[in-house]
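**Q** how would this look folded up:
(chains A and B)
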Amino acid sequence: MTEQHKEHNLIKAAVLVLLPIFFFLAAVCVGRYSVSAGDVCKSFWTAAFGTDLGVNDQVFSVVMNLRVPRALQGLLVGASLAVSGACFQSLFRNPLVSSGMLGVSNGAGFGAALSILLFNSMTMTAVFSFGFGTLAVVLAYLTGKVSGGTPTITLVLGGTIIQSIFSALLSLLKYIADPYSQLPAITFWLMGSLASTKSEELLFSAIPMVVGIIGMILFRWRLNVLSMGDREARTLGLNVGLNKGIVIGLATLATAGAVCVSGVIGWVGLVVPHMCRMVIGSDNKWLIPASISIGACFMVFVDTICRTITGAEIPLGIVTAIVGGPFFIYLLKKTKGKNW
Amino acid sequence: MALIEVKNAAFSYDGKRMVFQDIDFQVEQGEIFCVIGPNGCGKSTLIDCLLGLNQLKAGEILLGGRPLRQLKPRELAEEMAYVPQGHKTTFAFTVLDIVTMGRTYAARMFAPPGDEEKRIARSALEQVGLAGFEEREYTKLSGGELQLVLIARAIAQRSRLLVMDEPTAHLDFTHELNVMEIIASLTRDQGISIIMATHFLNQAYYLENVGVPTRVALIKDGSFVQVGPPSQVLSQENLEQSFNIITEIIESGTGERKYILPLRNKR
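**A** Numbering: from 1, shown residues only, chains lettered A, B, ... in the order given. Got it, this is the predicted structure:
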């Protein structure tokens, strides 16, 4: 590798690391109650080392209790959805696949609705949606498993079938839900939001997200080989069944972790990987880190719009497409659809 | 010791109709073994069994003296590389990315291939005459270039045995000849053994003509009709029997080059 190449890669890596940090800090400053960058840094210092630098208590509370958990959540959720989408697109060799391909979103939606009907507790909703999201993927995987292998086509079909079963079950729950209290709760949950982020839920959901993201980073080069198809991946020396299973498991952990606290957020897991592909190329060695970074930035940016643009919160699922769509079109025109 | 040894192999998809049976052969270091037969005779299924993608119903395959079914995928890839026929990827990898995938079995658990693996991939590209193609998008290559990239990927595996499935399908004359020259030089200059499924009869003659140790196995209905040097096996009688065609074997110039001229179908 030439020196110029190395330098180029270093710049790429630096941008991918610094960009989410910038978006994170910006998101913490911006809001209906504006906080200066200096006060944000002082608050961090106080929280980390306990020395009081004279930050107003109210400011400290807004930064550390409200904005930081929410921005962290945004980073993790965006990164998880985007990177899982990128993984599934490679794994299924299909650019139209998103992080919800194997039914995780539909399963999670059903779990959340069930919990809203039964308990009316945010924590139980997170637990239920995580559980049912994971269950849906396991069912899809078992459906797609035929005669010892998991061919792509049967996996995709399995995912589609499980998706439709859970969406039918969800409709059933909506139908029997109380139309004045429970139905709106279900509907809002399904539109996605980071508004109710609390520290304990953040911790609960961060574990699967972080495990999934790190795992996918470690497997990124194998994804290239897996995207050659089962036959070739095998003759190139990969244990295809095992690697496929692990990647599906990691993507499911990350997506279920994201969906269970943020609700169903479409679009990110489908389109962010394509945006990255247009700019950085198809090699998963770069595509996976780029999806993590850009997915995180995008989600924090969109969430900031959601909570600042009007007096009331706008659901995330609405804004992702409205903001992301034009940006995608811009990229498409600018790069002329290269790298496909 | 033979590189690969196939003993009494038989295979069936449904357990009733045999795709092939009683297949017996071995391939030595530094020779080309052509499996020739009409479409649907079981060539590709046999190739899949050699690659360990299909499990035999009877008999066994030994690779480097060890039973194939006991080898892990990475051990298999170290011993044997595969060149598929006709190929598309969904995403636009660069040529260098594709060729570097030949080093998959050598990569450590989580580490992407390093500079050394890239160097091996570059030298493989040079060998097939594609130096300078490293950063080209794989999806925008011509059919001939695509095939060369896949051969380069197999070369990058640095295994002693290459398995090729119709390496010149869909290629024009120039690229066909180019691929055949590369195949001949791999065996002659580097001692790599090649198993090649093909239905282009003249390719076996070509290899024999240029002086590469070549044997041919002619398949009909899932069994070998005959195994031996091309000029012996690809005779008018054998071709009439397995392909159901009437041919003429013509000799060029001084008589050391032979070609098969298909004349007509046997009614």
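
**Q** Can you tell me the element the residue lying farthest from the centre of chain A falls in?
**A** Using C-alpha atoms, centre = their mean, the residue of chain A lying farthest from its centre is residue A:54. It sits 36.8 Å away. Under DSSP states H and E, no helix or strand contains residue A:54.

**Q** ok, the residue nearest to it when sequence neighbours are not counted to residue A:286 distance?
**A** Sequence neighbours aside, residue A:42 is the residue nearest to residue A:54 in space, at 7.5 Å (criterion: C-beta to C-beta, 6 or more residues apart in numbering or on different chains). C-betas here are computed from N, CA, C, even on glycine. As for residue A:42, its distance to residue A:286 is 36 Å (criterion: C-beta to C-beta, to the nearest Å).

**Q** Correct me if wrong, but the residue nearest to residue A:54 is in a helix.
**A** Yes: under DSSP: H, G, I helix; E, B strand; the rest coil, residue A:42 sits within a helix.

**Q** wait, isn't it in contact with residue A:53?
**A** Yes: Residue A:42 is in contact with residue A:53 according to C-beta atoms under 8 Å; the separation is 4.3 Å.

**Q** quick one, which of those two is more surrounded?
**A** Applying other C-beta atoms under 10 Å in any protein chain shown to residue A:42 and residue A:53 shows that residue A:42 carries more neighbours, namely 20 against 14.

**Q** what sits against the more buried one?
**A** Residues in contact with residue A:42, defined by C-beta atoms under 8 Å, 6 or more residues apart in numbering or on different chains, are A:53, A:54, A:55.

**Q** redo that, cut-off 10 Å
**A** Residue A:42 makes contact with A:36, A:51, A:52, A:53, A:54, A:55, A:56, A:59, A:60, A:63, according to C-beta atoms under 10 Å, 6 or more residues apart in numbering or on different chains.

**Q** what does residue B:116 give?
**A** B:103, B:106.

**Q** Check what pLDDT it gets.
**A** Looking at residue B:116, its pLDDT is 89.

**Q** same check, this time on residue A:3
**A** 67.

**Q** so what sits against both of residue A:42 and residue A:53?
**A** Joint contacts of residue A:42 and residue A:53 (C-beta under 10 Å, 6+ apart) are residue A:60.

**Q** So which bits of the longest helix along chain A are buried?
**A** Longest helix of chain A, by residue count under DSSP state H: helix A:3-29. Within helix A:3-29, the residues that count as buried by 16 or more other C-beta atoms under 10 Å in any protein chain shown are A:16, A:20, A:23, A:24, A:25, A:26, A:27, A:28, A:29.

**Q** List the contacts of the spatially most central residue of chain B.
**A** Of all residues in chain B, the one closest to the mean position by C-alpha atoms, centre = their mean is residue B:164, 2.1 Å from it. By C-beta under 10 Å, 6+ apart, residue B:164 lies in contact with B:32, B:34, B:47, B:81-85, B:147, B:150-151, B:154, B:179, B:183, B:194-198.

**Q** What distance do you get for it to residue B:220?
**A** 21 Å.

**Q** same question, residue B:51
**A** Taking C-beta to C-beta, one finds residue B:51 at 23 Å from residue B:220.

**Q** residue ranges of the strands in chain B, please?
**A** B:4-11, B:20-27, B:32-36, B:58-63, B:66-67, B:80-83, B:161-165, B:193-198, B:214-220, B:223-228, B:245-252, B:257-265 (DSSP state E).

**Q** so what secondary structure elements neighbour the longest helix of chain A?
**A** helix A:37-49, helix A:68-91, helix A:268-280, helix A:284-308 (3 or more C-beta pairs under 10 Å, 6 or more residues apart in numbering or on different chains; DSSP states H and E).

**Q** quick one: that helix to helix A:68-91, angle?
**A** 140 degrees (axes from the mean of the first three to the mean of the last three C-alpha atoms, to 10 degrees).

**Q** Read off the pLDDT value for residue A:337.
**A** So residue A:337 comes in at 62 (pLDDT).

**Q** swap that for residue A:197, sorry
**A** Looking at residue A:197, the pLDDT reads 67.

**Q** Tell me which residue of chain A lies closest to chain B.
**A** residue A:237 (3.0 Å; C-beta to the nearest C-beta).

**Q** Near that residue, how many residues? Count them for me, please.
**A** For residue A:237, using other C-beta under 10 Å, the count is 24.

**Q** do you know how far it is from residue A:7?
**A** Distance from residue A:237 to residue A:7, by C-beta to C-beta: 32 Å.
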